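K.L.:
Sequence first, predicted coordinates after that:
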Protein chains: 4
Amino acid sequence: MEIKELKKIAKDRMKGYCRLCKECNGIACAGEVPGMGGKGSGESFKRNYETLKNVKLVLKTIHDVKDPDMSVEIFGKKIDLPFITAPVTGNSINMGGFLTEAQYSDYVVFGSIEAGTFAMTGDSGNPQFYIDGLNSIKKANGIGIPIIKPRENMKIIENIKKAEETGAIGVGIDIDGAGLLTMALHGQPVGPKTVDELKELTSSTKLPFILKGIMSVEEAELAVEVGASAIVVSNHGGRILDYTLGVAEVLPKISKAVKGKITIFADGNVRNGVDILKYIALGADAVLAGRPIIWGAYGGGKEGVKLIIENLKEELKQAMILTGCKDVKSIDSSKIINLNKQF
Amino acid sequence: MEIKELKKIAKDRMKGYCRLCKECNGIACAGEVPGMGGKGSGESFKRNYETLKNVKLVLKTIHDVKDPDMSVEIFGKKIDLPFITAPVTGNSINMGGFLTEAQYSDYVVFGSIEAGTFAMTGDSGNPQFYIDGLNSIKKANGIGIPIIKPRENMKIIENIKKAEETGAIGVGIDIDGAGLLTMALHGQPVGPKTVDELKELTSSTKLPFILKGIMSVEEAELAVEVGASAIVVSNHGGRILDYTLGVAEVLPKISKAVKGKITIFADGNVRNGVDILKYIALGADAVLAGRPIIWGAYGGGKEGVKLIIENLKEELKQAMILTGCKDVKSIDSSKIINLNKQF
Amino acid sequence: MEIKELKKIAKDRMKGYCRLCKECNGIACAGEVPGMGGKGSGESFKRNYETLKNVKLVLKTIHDVKDPDMSVEIFGKKIDLPFITAPVTGNSINMGGFLTEAQYSDYVVFGSIEAGTFAMTGDSGNPQFYIDGLNSIKKANGIGIPIIKPRENMKIIENIKKAEETGAIGVGIDIDGAGLLTMALHGQPVGPKTVDELKELTSSTKLPFILKGIMSVEEAELAVEVGASAIVVSNHGGRILDYTLGVAEVLPKISKAVKGKITIFADGNVRNGVDILKYIALGADAVLAGRPIIWGAYGGGKEGVKLIIENLKEELKQAMILTGCKDVKSIDSSKIINLNKQF
Amino acid sequence: MEIKELKKIAKDRMKGYCRLCKECNGIACAGEVPGMGGKGSGESFKRNYETLKNVKLVLKTIHDVKDPDMSVEIFGKKIDLPFITAPVTGNSINMGGFLTEAQYSDYVVFGSIEAGTFAMTGDSGNPQFYIDGLNSIKKANGIGIPIIKPRENMKIIENIKKAEETGAIGVGIDIDGAGLLTMALHGQPVGPKTVDELKELTSSTKLPFILKGIMSVEEAELAVEVGASAIVVSNHGGRILDYTLGVAEVLPKISKAVKGKITIFADGNVRNGVDILKYIALGADAVLAGRPIIWGAYGGGKEGVKLIIENLKEELKQAMILTGCKDVKSIDSSKIINLNKQF
């Protein structure tokens, strides 16, 4: 199957929940939460798109990089490219329900592994979704990372224990889920976390602990302070707060502050291997993406997920050749022109 | 009823006078005065939209704000959120006439009160409209503020007296109505006011006196000088002069000049609770909105107005949690990134 | 007749040559020369629109300007508002031919006079068009200014003499017509002029001499040097050279260099009385407009031209009240915020 | 035939491969590679358009330039205007196949010569295409320049020898073809070149050697170092790497670094004679264009190519008159306002 065919099938199966627009920029689906869009005006989604678009590449072809090395090591595990599948749940309310949660998590966990990397799985108002993700990771001998909603600490710690039992590579919370007020209505309250609460979480496990949803230097530094192993610089695909900044514009300052002290993932509108190169050049250690992986899973199941990632790999390779980057370490700010204003 | 359903009904009842666009940005209705649009090219309306969109939020979730306090005190009266319903008249020429003036003012006055705040009512070329607003406020035991057009001082003072008789919380003029040349044709001349004329007005009453339509530091300072209790930073929804600046870009300087000396309201394209947080962070004490309240009244009468405001409240709460603001006082410039250039 | 009705008729009579778009911004008609559009990509037309849009007004209503004086004196003649009708020819190739040249020039010359100002008339590859304009001015006892294409000097001087015979207020050339290479094919070569050639022209007549088509400080200063009485800062409505700057962005520097030494007219996308105020605030003594006057002539003949100008007057009056300008002299840079970058 | 008619025919014959949009800006065809669009999001194509649009002309008409000299000398050969036809191949996969490669190269080689300039011809995954181009140049007694893909050096040197045999004016490689990973699948690997590899190429021939696809000062300087005679500042029409900078924004710095040491061609969205003037003013010695020449060849064969170039000539002449440039040497940065930010 080719990408084009895969997207056509995915579009059909997603029944308008995602339009698979030519340019995935948050305009058509603005406000569609639940759904695939950004919250409210959709500006946080659009901002990810725009600020990433503002990062340009410096074309270079007088050099000797003919076969770049794309591999990186994350939490001691070597992966083929600096890309990890983002945690996603809610197939029925967000994607139209062609897949069950269990199918979806199987496809992304195994498709990611077959493409030489791994997946994060998610959590939701329906606690079974977390279990579905865990089950997939368990079947994959722990090759995956479950991400938990910012529930009460006791509940999170329970979920961390379950993660440990699967042999997972790591575990984390998407702390930006703090604003999901409706989860309280289902008896599953979430909220922000204090430094002390976070310390309790990180010291509850020996697994690398990931804080997903960091968008400021201040909180990146707090993540280091509480003992997290990694942050995901992310505005949750623009789905939790309207009018945030874009990932590409906050990443350089965050990277300057904490690079080397903590692993930095970037997650915002990655659609192409070129985008991976951009975020690495802006300071990330690796990137995450959600929507393209959804297209893969809906359009082709496990094979579709694999195809999407293989395609990213091919595009990244070409971009590394055309900017003269022999390995991921070589991808630095000299390879890009960042047109985003810095604050 | 849900917001979505309410908007559908409102759209139907407004017969094209308002299209209830997905994004309320002044483009589709440009030039529709009378109607719901901005004057001329509609650029003053669009500028409110654009400059407010340029204000971004700093996502923060590592803190202890789980249940923020949204209340503020305005003229000694505590309200549940920093939001007041803006004065609006002209149901037949601007909104299509599904509601009478009396119905409209009843709906907004009582809907606002039931949502924990209060409404301003308006004035017009047809002087009965002012009386309709007063009647609603009177029935509500004075919980409301009538706003008078910048008529001849003698006429305004007469109208202030009538306002006092209703037990109103305050009274004011929308001085930016000065350009409504056609009101003179109906024997109701309006115009700008000198400092002395304004002093005569403020000293004619013990009620808090509001000057609505201030867009410069100079006039904000004059408002303090003449003894006004509050200003509304507003370009009248873009409906009186084409090509003005936007509220969000003039507010910070005005706030810097007069904050604490006078109450500052901001009025410009508030459509979401997030927008309330933005204007407070830019220096307002509270905000006003007109168009969404019209949708509420047209889509669901008093209950519709209440629903709109309750929704703003919910959105503001979520935004305060996700930016770490425990109360309205905590909403300051550190919570936003203001991308508007300052002059 | 109302403006709305007038435009409807004009649109019909112009048969698609002008679409009378809601926003007259050069987009729909880009490249339509002949026609009503800008040359090539239409960017010079669009730039006039955009740079004028970038000029914002400072709303002011605390003052005593209730009845502003809009009159100015041009070449010793007092006119009711700082507006002059721009020279236009080519009814059949540019406007669809509903009007003859003679009808058109009669309508604009007399319509302008009845509205309290006067018109310029034009010249063309067909030399009869110049005569048509002269005839109208002659019938109007010389109240008008003929503008000649930059032909060979001898030919221009002949035309100046004919202008003198009509008793015209002034005379001039649209020197930016220099690029009309096709006129040479009709035996009517045009081209740029040296300083000496221009001196020969200005010293050939006692009439005020106008240089239309100045877009730089350097050439504005040369206009003073050669003894011209006035310049028109203009890119010819974007119709002679693609990708020029906009009038609103070059005017301030030009005004700074030559104001007081020469009369400065501005001509670029004036569609509303507000635009007149903007150009005066940027440094012009008066403004010109072409396209809206064409709509007037096509939609309502002489009365239509008058209606358009009366409407500009009403809008200018309102804008002067709402910015606190008691007369044209008071309209200065403090009344605007100019968002155009200066080079 | 007129340009308008030519484009109509071309559009028909290109069967949607090119839409001949009113504004050729890379939007409609984004991602169409193969096809006529830019790679991926099409942003590299769009960036060429936008950054060239950001270059504005200073209108000047007070001077004595009535008949400008447009000629330049390239590699000792005088041409009538500073324009050369860009190398293009792939008629069947990119343009719809109405023309064969041999037809296409004949049309462009001879059409260019008849218009007073010459063409470059291309290379491709199908090595016959290179031969087709050579054949046309040979028939034209060597008036043309073949451009070779960045194959293995031995293969390139073979192709250079074949070029020499045609008596070609020069020879070169489009080094930005380095990212065409799929060529390896057809047993025709391409890739970047080291300084040493390039030196081997330049010293293998006495012909002027051209490096096409330079987008940075660093590589422009390396081009001088390796002994190239010319560079083409080009992002390959946006077709090899997504999100590069635009030609117009990198050209000034490159020109500042190497002007005079090497011939500088600029290639990016030239659609009009005005664009030629812009690139010369930004520092190029001459410009290249591809897409408009394709329209010429498809719409009118050899005559169509000639018509397109004659039209560019007429437009350039007019632009030189209206900016006061008496010859190509006079076209410098004083003739433009460059709104592109410099990094």
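P.N.:
Structure's in. What do you need?

K.L.:
How about the contacts made by residue A:13?
P.N.:
With contact taken as CB atoms under 8 Å, 6 or more residues apart in numbering or on different chains, residue A:13 is in contact with A:96, A:98, A:298, A:299. Every residue, glycine included, has its C-beta placed from N, CA and C.

K.L.:
typo on my end, it should be residue A:183
P.N.:
A:125, A:149, A:177, A:189, A:190 are the contacts of residue A:183 under CB under 8 Å, 6+ apart.

K.L.:
pLDDT at the residue of the stretch 51-200 of chain A found nearest chain C, what is it?
P.N.:
Chain C sits closest to residue A:54 of the stretch 51-200 of chain A, with a gap of 19.0 Å, by CB to the nearest CB. Note on residue A:54: pLDDT of 98.

K.L.:
Please work out the average pLDDT along stretch A:142-150.
P.N.:
Stretch A:142-150 comes out at a mean pLDDT of 98.

K.L.:
Okay, buried residues for it please.
P.N.:
A:142, A:143, A:144, A:145, A:146, A:147, A:148, A:149, A:150 (16 or more other CB atoms under 10 Å in any protein chain shown).

K.L.:
now do stretch A:112-121
P.N.:
Across stretch A:112-121, burial judged by 16+ other CB under 10 Å covers A:112, A:113, A:115, A:116, A:117, A:118, A:119, A:120, A:121.

K.L.:
How about residues contacting that stretch?
P.N.:
Residues outside stretch A:112-121 that contact it (CB under 8 Å, 6+ apart): A:77, A:79-81, A:83-87, A:89, A:105, A:108-109, A:111, A:130, A:132-134, A:136-137, A:140, A:143-147, A:169, A:172, A:288, A:293, A:302, A:305-306, A:309-310, A:313.

K.L.:
Just the endpoints, please. Distance across that stretch?
P.N.:
For stretch A:112-121, the first-to-last residue distance is 12 Å (CA to CA, to the nearest Å).

K.L.:
now swap in stretch A:171-182 and tell me
P.N.:
24 Å.

K.L.:
roughly how far is that stretch from the heart of the chain?
P.N.:
Stretch A:171-182 sits 14 Å away from the centroid of its parent chain (CA atoms, centre = their mean, to the nearest Å).

K.L.:
How far away from the center of its chain is stretch A:214-230?
P.N.:
The answer for stretch A:214-230 is 17 Å, by CA atoms, centre = their mean.

K.L.:
and that stretch, anywhere near chain B?
P.N.:
Yes - against chain B, stretch A:214-230 shows contacts by CB under 8 Å from any CB of the partner chain at A:215, A:216, A:218, A:219, A:222, A:223.

K.L.:
from memory residue A:156 sits against residue A:147, does it?
P.N.:
No - in this structure, residue A:156 is not within contact of residue A:147 by CB atoms under 8 Å, at 10.8 Å.

K.L.:
Find the residues that touch each one of these two.
P.N.:
Residues touching both residue A:156 and residue A:147 (CB under 8 Å, 6+ apart): residue A:173.

K.L.:
Rebuild the residues of stretch A:214-230 next to chain B as a markdown table, extending it with neighbour count.
P.N.:
Formatted as a markdown table, the residues of stretch A:214-230 next to chain B follow (neighbours: other CB atoms under 10 Å in any protein chain shown):
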| residue | neighbour count |
| --- | --- |
| A:215 | 30 |
| A:216 | 19 |
| A:218 | 16 |
| A:219 | 23 |
| A:222 | 21 |
| A:223 | 28 |
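
K.L.:
Could you export those residues as TSV, including pLDDT, distance to residue A:238 and secondary structure?
P.N.:
Output for those, formatted as TSV (pLDDT from 0 to 100; distance: CB to CB, whole Å; DSSP: H, G, I helix; E, B strand; the rest coil):
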residue	pLDDT	distance to residue A:238	secondary structure
A:215	98	11	coil
A:216	98	16	coil
A:218	98	21	helix
A:219	98	18	helix
A:222	98	23	helix
A:223	98	21	helix
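
K.L.:
For the helix or strand harbouring residue A:233, name the packing helices and strands.
P.N.:
Assigned by DSSP states H and E, residue A:233 belongs to strand A:230-234. With contacts taken as 3 or more CB pairs under 8 Å, 6 or more residues apart in numbering or on different chains; DSSP states H and E, strand A:230-234 sits against strand A:171-174, strand A:209-214, helix A:217-225, helix A:247-258, strand A:263-267.

K.L.:
pLDDT averaged over it - what is it?
P.N.:
98.

K.L.:
Now that strand - C-alpha only, PDB.
P.N.:
What follows is strand A:230-234, C-alpha atoms only, in PDB (Å, rounded to 0.1, in the frame of the first residue of the first chain):
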ATOM      1  CA  ALA A 230      11.800  13.400  30.400                       C
ATOM      2  CA  ILE A 231       9.400  16.100  29.400                       C
ATOM      3  CA  VAL A 232       7.200  16.300  26.400                       C
ATOM      4  CA  VAL A 233       7.000  19.900  25.200                       C
ATOM      5  CA  SER A 234       3.400  19.800  24.000                       C
END
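
K.L.:
residue at max distance from the center of chain A?
P.N.:
Using CA atoms, centre = their mean, the residue of chain A lying farthest from its centre is residue A:62. It sits 33.7 Å away.

K.L.:
Assign a three-state SS to it, would you?
P.N.:
coil (DSSP: H, G, I helix; E, B strand; the rest coil).

K.L.:
That one contacts residue D:194, correct?
P.N.:
Yes - Residue A:62 lies in contact with residue D:194 (CB under 8 Å); the separation is 7.1 Å.

K.L.:
Format the residues of stretch A:214-230 next to chain B as TSV; extra columns: distance to chain D.
P.N.:
Converted to TSV, the residues of stretch A:214-230 next to chain B look like this (distance: CB to the nearest CB, whole Å):
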residue	distance to chain D
A:215	23
A:216	26
A:218	29
A:219	29
A:222	33
A:223	30
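
K.L.:
could you dump stretch A:188-207 to PDB, C-alpha only?
P.N.:
The C-alpha trace of stretch A:188-207 is given here as PDB (Å, rounded to 0.1, in the frame of the first residue of the first chain):
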ATOM      1  CA  GLN A 188     -12.500  10.600  37.800                       C
ATOM      2  CA  PRO A 189     -11.200  14.000  38.900                       C
ATOM      3  CA  VAL A 190      -8.000  15.400  37.400                       C
ATOM      4  CA  GLY A 191      -6.100  18.500  38.100                       C
ATOM      5  CA  PRO A 192      -2.700  20.300  38.400                       C
ATOM      6  CA  LYS A 193       0.000  18.900  40.500                       C
ATOM      7  CA  THR A 194       2.200  20.600  43.100                       C
ATOM      8  CA  VAL A 195       6.000  20.000  43.200                       C
ATOM      9  CA  ASP A 196       5.500  17.700  46.200                       C
ATOM     10  CA  GLU A 197       2.800  15.700  44.500                       C
ATOM     11  CA  LEU A 198       5.100  15.200  41.500                       C
ATOM     12  CA  LYS A 199       8.000  14.200  43.800                       C
ATOM     13  CA  GLU A 200       5.700  11.500  45.300                       C
ATOM     14  CA  LEU A 201       5.000  10.200  41.800                       C
ATOM     15  CA  THR A 202       8.600  10.100  40.600                       C
ATOM     16  CA  SER A 203       9.800   8.400  43.800                       C
ATOM     17  CA  SER A 204       7.100   5.800  43.600                       C
ATOM     18  CA  THR A 205       8.800   4.000  40.700                       C
ATOM     19  CA  LYS A 206      12.200   3.100  39.300                       C
ATOM     20  CA  LEU A 207      10.900   3.500  35.800                       C
END
